[in-house]
Every structure is written in structure tokens, then in C-alpha cells.
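[1] sharing a model prediction with you, sequence too.
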Amino acid sequence: MKKPSKQFLLKLLPAIVAFVGIIIFLSYGQNITVDDIISYTPENKLMASIFILLMFFIKSLTVMFPVAIIYIVTGMIFPPFLAVLINIIGIGIGFSYSHWVGHTSTSNLKDQLMIKYPKLTQLDSLMKNNEWFITFIVRMVGIIPIDVVSIFMGSAGISFTKYLTASILGTLPILLTTTFIGSTITDPTSPEFILSLLLRVVISALSSLIYKKAINKTG
């Protein structure tokens with residue numbers, strides 16, 4: 001009897017890790033709130049930062065877990081600059097893992113994702129013109145779950161460097177404003193909180209307009 005090849009085991013590993021993550025999420029993470037995450041966060045700042053990064057990794061295992069909650073929690077726990085840095089590193093970890101899942105999975109995964117998420121068909125067509133720019137815009141708009149996009153782009157064979165830089169830069173405006181919302185959330189009447197909230201709305205609206213223009217240009 002032949003032993004499973006290393007390549008086969010490598011392709012199987014993402015599915016195993018994702019399965020374990022989903023079981024953990026279904027057991028402990030359903031309807032998770034900001035208060036829930038804070039209650040589990042260690043008081044030691046170093047341990048807290050490691051815990052937050054672990055939360056980003058867990059987020060990459062399931063599309064049901066909202067990343068905005070992690071941004072807000074990090075903003076509540078750490079000073080603004082450090083909170084932003086931790087969130088950037090964390091989302092980078094999540095993006096990297098999800099891309100790897102797509103890259104090492106079965107060859108028909110891309111087609112399966114496009115069937116389940118029809119907007120990915122449009123995205124696939126747009127990316128033929130400019131992969132980096134479209135990845136950047138899609139991250140800004142957030143019309144498709146971020147982990148679905150990551151897995152799809154990994155399965156489509158997009159360059160990891162191109163994918164990661166566009167993903168982080170595209171996510172940055174929402175990451176910054178949401179982190180600052182967390183930093184000022186204890187005083188929702190403060191000018192800082194209101195400004196962060198308004199910027200969050202404006203960025204979402206502008207990125208949606210840019211995405212629609214990109215679609216019209218290629219369509």
C-alpha cells in the first residue's frame with residue numbers, strides 16, 4: 001500500500017486546519033461580541049497582542065467572524081499607533097493563510113467559489129486587466145467576504161507579493177478608521193469618535209463608487 005505523497009498531505013492540511021477552526025468557532029465563537037473578546041484577552045500587553053494575532057488567524061478560518069470586532073477591540077486595549085500596527089500584522093497573517101489555503105487546494109476550487117459567490121465571476125474578469133488595482137479596490141469595498149476573496153485569489157494563482165501588498169493597502173483606510181473607533185468608543189460623543197465614524201462611512205461610499213466605475217470601464 002502506497003503512503004500518501006507529501007503534495008497530497010500539503011493539500012489536505014488547509015482543510016484539516018479549517019475544519020478544526022470551524023469546530024472551535026461553532027463551539028465558542030457564535031454571536032461573539034467585543035465584550036466577549038475583551039473578557040478573554042490577557043491583561044499582560046505582550047500576551048494580549050499575541051492573543052489578538054491568534055484571533056486574526058482564527059478569523060481566517062471562517063467567513064462568519066467579523067474582522068471589524070477585532071479592529072475595535074485592539075483599539076480599545078492598545079494606544080492608537082500600536083493598535084494600528086497590531087491590526088496590520090494580524091490582517092496580514094489572515095490574508096497570508098487564506099491565500100495559502102487557496103493556492104494549495106484542489107484545481108477546481110476557483111470554479112466552486114465562483115458558483116457559490118457569483119460576484120467572483122465578475123472579479124475574475126476584472127482582474128485580467130489589472131490584478132493589483134482590482135485587488136486593492138475589492139479590499140476597500142468589502143463587497144465579498146475577505147477570506148473568500150483571499151482563498152479565491154490564491155486558487156487563481158495571483159502573485160503572493162502583489163496580492164498581499166494590494167490587500168493590506170486596500171484594507172488600510174477601513175482598518176485605520178475602525179481602530180480609531182475602538183480607541184474612542186468609550187466616549188461616543190467625542191469629536192474623535194464622530195469623525196472616525198464619519199470617515200468610515202465616507203470611505204465605504206467612495207470605494208463603492210470607484211469599484212462601480214471600474215466595472216463600467218471593463219463592461
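    In hand now; what should we look at? Numbers count the residues shown, from 1 in each chain.

[2] which stretch of helix or strand covers the residue lying closest to H103 once chain neighbours are set aside?
    Among residues not flanking H103 along the chain, G154 sits closest, at 4.0 Å (CB to CB, 6 or more residues apart in numbering). C-betas here are computed from N, CA, C, even on glycine. G154 is located in helix 146-155, with elements delineated by DSSP states H and E.

[3] give me the buried positions along the helix or strand just after that helix.
    With elements assigned by DSSP H and E, the helix or strand that comes after helix 146-155 is helix 160-184. Using 16 or more other CB atoms under 10 Å as the test for burial, helix 160-184 gives 163-164, 166-168, 170-184.

[4] ok, W132 - contacts?
    Taking CB atoms under 8 Å, 6 or more residues apart in numbering as the criterion, W132 is in contact with K162, T165, A166.

[5] could you measure from the second one over to L46?
    Distance from T165 to L46, counting by CB to CB, to the nearest Å: 28 Å.

[6] and for the last one?
    Computed as CB to CB, the A166 to L46 distance reads 31 Å.

[7] likewise T177?
    From T177 to L46 the distance is 26 Å (CB to CB).

[8] picking up where we left off before, tell me the buried residues in the helix holding G154?
    Neighbour count says helix 146-155 has I146, D147, V148, V149, S150, I151, F152, M153, G154, S155 buried, by 16+ other CB under 10 Å.

[9] I'd like the residues you listed written out as JSON lines, with pLDDT and distance to L53 added.
    Formatted as JSON lines, the buried residues of helix 146-155 follow (pLDDT from 0 to 100; distance: CB to CB, whole Å):
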{"residue": "I146", "pLDDT": "85", "distance to L53": "16"}
{"residue": "D147", "pLDDT": "86", "distance to L53": "16"}
{"residue": "V148", "pLDDT": "87", "distance to L53": "21"}
{"residue": "V149", "pLDDT": "89", "distance to L53": "21"}
{"residue": "S150", "pLDDT": "90", "distance to L53": "17"}
{"residue": "I151", "pLDDT": "89", "distance to L53": "20"}
{"residue": "F152", "pLDDT": "91", "distance to L53": "24"}
{"residue": "M153", "pLDDT": "91", "distance to L53": "22"}
{"residue": "G154", "pLDDT": "90", "distance to L53": "20"}
{"residue": "S155", "pLDDT": "88", "distance to L53": "25"}
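
[10] now the host helix or strand of L198: mean pLDDT?
    Using DSSP H and E, the element containing L198 is helix 191-218. Mean pLDDT, computed over helix 191-218, is 78.

[11] pretty sure D187 is in contact with F193, am I right?
    Yes. Taking contacts as CB atoms under 8 Å, D187 lies within contact range of F193: 6.2 Å.

[12] who touches both of those two?
    In contact with both D187 and F193: no residue, using CB under 8 Å, 6+ apart.

[13] those two: who's more crowded?
    Applying other CB atoms under 10 Å to D187 and F193 shows that F193 carries more neighbours, namely 18 against 11.

[14] list the contacts of that one.
    Contact partners of F193, counting by CB under 8 Å, 6+ apart, are I181, T184, I185, D187.
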